[in-house]
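Undergrad: From the sequence below, what's the structure:
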Amino acid sequence: MLVRSRVLSALRQSRPKRGGFGSPKDHEPAWIERWSANRREGQDNMDWFFRLFNSTRIYEIFLKSSPRFYGFIVWTSIIGGYSWSRMWDHIWDYCNQGMLYRHNPYVYPVPDDDE
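TA: From the prediction side, this is the model:
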């Protein structure tokens, strides 16, 4: 029994340790590793947009930290909502030109001279 346990422990120590399931040494399936290795730099249809967005440095300035991100979202929502509302007000005015009350001011008649 003692010999058997020594043999088994020697076999266990001679095998290379590869890590268990979910360990950092554990490899993904081959198709995931191939997919991760394919970066497609310069091949994307929207590459021009990402290059333009990265050149504005919006991410580094506003979106990288949480307080700046939330402030950016709140203020752009306020400004964007106001602009959206004003845009539709102008479109409504343009489509209803001459039919709205404010477009047709009341003209007071010339007062009669009672003298």
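Undergrad: Enumerate every residue touching the residue nearest the centre of the chain.
TA: Nearest residue to the geometric centre of the chain (Cα atoms, centre = their mean): Leu63, 9.3 Å. Under the criterion of Cβ atoms under 8 Å, 6 or more residues apart in numbering, the contact list for Leu63 reads Phe69, Phe72. Heads up, the C-betas are built off the backbone N, CA and C, glycines and all.
Undergrad: I'd like the distance between it and Gln97.
TA: Distance, Leu63 to Gln97, using Cβ to Cβ, to the nearest Å: 42 Å.
Undergrad: Equivalent analysis for Phe62, please.
TA: 40 Å.
Undergrad: neighbour count winner among these two?
TA: For Phe62 versus Gln97, neighbours defined as other Cβ atoms under 10 Å are more numerous around Phe62 (16 against 9).
Undergrad: nearest spatial neighbour of the more buried one, skipping sequence neighbours?
TA: Phe72 (4.2 Å; Cβ to Cβ, 6 or more residues apart in numbering).
Undergrad: Right, I'll leave it there.
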